[in-house]
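**Q** Just to be clear, the model below is a prediction. Sequence and coordinates:
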2 protein chains.
Amino acid sequence: MRSSKDDRRVKYTKMVLKESFIKLLSKKDITQITIKEICEDADINRATFYAHYNDQYDLMRKIENELLENISAYISEYARKDNHFNDVELIEKIFEYIKENAQLCKLLLSKKGDLDFQKRVMMLVYDKNLINLTNEGIFSKEYAEYIYSYTITGCVGIIQKWLEDGMDKSTRFMAEMIIKLTTYNTSK
Amino acid sequence: MRSSKDDRRVKYTKMVLKESFIKLLSKKDITQITIKEICEDADINRATFYAHYNDQYDLMRKIENELLENISAYISEYARKDNHFNDVELIEKIFEYIKENAQLCKLLLSKKGDLDFQKRVMMLVYDKNLINLTNEGIFSKEYAEYIYSYTITGCVGIIQKWLEDGMDKSTRFMAEMIIKLTTYNTSK
DNA sequence: TGACTATTAAACACAGTGTTTATTATATTG
DNA sequence: CAATATAATAAACACTGTGTTTAATAGTCA
């Protein structure tokens, strides 16, 4: 039983729509991008766009979710091979992924991007690991929650700066710095 | 010499346009708000809107800048009275201001708001104070810059959580927590 | 009061939206 | 390959909102 999602035509349509949207997004703000414009660039009928997406923002959200899934899969792949789960290496994996997909990541993870989405990226790491540290009874629960918020958004800021600076620091340098900054908060 | 900015009619027009915009913003996303809608709610001619603003986003930006100026003035007022500059009290002042202007601040400082603007709010504090700590030669300059980014955006996350939780923690509690979390990073 | 100018109503051409229709093109399956 | 299914298309539709211009009106200020 095949769903319409597997149809080659559907795959192609979605692919070129995403490509055109990202292309436009690199040139101007999403608020200035029209559906008509996306469709013309992708050479796809406007009615077809509406068959798949509600509007630009819906398309954006779906691209974000895909990216999140891809990063997650990339991490899981690593975790499966090496059984010893090393925090530094795990975070380094995220930086690696971002570097390998710099074009899209620069758009979605920059300061223009959606903070809520960016937080979700960082949560990929911290939900699995560091949150445990804060739950070891050192801090009160309410305090730990604030530290968690601080850590997550703080890391978003670090990634943004890294991207703005042209990713000139190595992924290992970044990962170690993040570990240093974040375990700091939780180890006392 | 009076500029047109001082004209009562202009003041009124801008005031009601801002009020209506904020009212709409509390009901729906900015992407769903039209200029026509704002003007109808404010009972202002659409041509008059264009005499003052380019679009919704321009209006938004101007409201943000005003809020930033107001917070800055609020802090300066305090700094003038008490000569002893206390970091905790300074940060507490910001939380106080937010609490006193909760309606608007909840919109502009929430996770839906613009991160770049939110960073600027936090910079009000850190440009004056903590950045010095990182420049005392403990960290390398490049490291200090990342710590600065981490701190600024981290604090944005804390404020967002505070607002989401209905501002149930006292302003003093919040200020002390922030001092603890942020001087932590810079004192070693 | 008189000069000034912000605001207004009305109209304009225009661009983009979201949906529907019948037709065409392509993919899948037996 | 042929038959079936369905995705994509072109064209048209009414509609909403945009951004600007015009001349008239109303409010402000000194």
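**A** The structure has been received and is ready for your questions.

**Q** can you give me the helices for chain A?
**A** Using DSSP state H, the helices of chain A run over A:8-25, A:35-42, A:46-52, A:56-81, A:87-100, A:102-109, A:115-126, A:130-134, A:141-164, A:171-186.

**Q** Switch the ones you listed over to JSON lines; also include distance to chain B and mean pLDDT.
**A** In short, each C-beta sits where N, CA and C put it, glycine included. What follows is the helices of chain A, written out as JSON lines (distance: least, CB to the nearest CB, whole Å; pLDDT from 0 to 100):
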{"stretch": "helix A:8-25", "distance to chain B": "15", "mean pLDDT": "98"}
{"stretch": "helix A:35-42", "distance to chain B": "13", "mean pLDDT": "98"}
{"stretch": "helix A:46-52", "distance to chain B": "17", "mean pLDDT": "98"}
{"stretch": "helix A:56-81", "distance to chain B": "6", "mean pLDDT": "92"}
{"stretch": "helix A:87-100", "distance to chain B": "13", "mean pLDDT": "93"}
{"stretch": "helix A:102-109", "distance to chain B": "11", "mean pLDDT": "97"}
{"stretch": "helix A:115-126", "distance to chain B": "5", "mean pLDDT": "92"}
{"stretch": "helix A:130-134", "distance to chain B": "12", "mean pLDDT": "51"}
{"stretch": "helix A:141-164", "distance to chain B": "3", "mean pLDDT": "94"}
{"stretch": "helix A:171-186", "distance to chain B": "6", "mean pLDDT": "85"}
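
**Q** And stretch A:80-95, end to end?
**A** End-to-end distance of stretch A:80-95 (CA to CA, to the nearest Å): 18 Å.

**Q** what sits up against that stretch?
**A** A:71, A:74-75, A:78-79, A:121, A:124-125, A:128-130, A:159, A:162, A:171-172, A:174-176, A:178-179 (CB atoms under 8 Å, 6 or more residues apart in numbering or on different chains).

**Q** before we move on, what about stretch A:110-123?
**A** Contacting residues not belonging to stretch A:110-123 are listed as A:29, A:60, A:64, A:68, A:71, A:94, A:107-109, A:151-153, A:155-156, A:159-160, A:163-164, B:111-112, B:115-116, B:119, B:157 [CB under 8 Å, 6+ apart].

**Q** What's the ChimeraX syntax to select whichever of those are buried?
**A** ChimeraX command restricting the contacts of stretch A:110-123 to the buried ones, with burial defined by 16 or more other CB atoms under 10 Å in any protein chain shown:
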select /A:60,64,68,71,94,107,108,109,151,152,153,155,156,159,160,163 /B:111,115,119,157
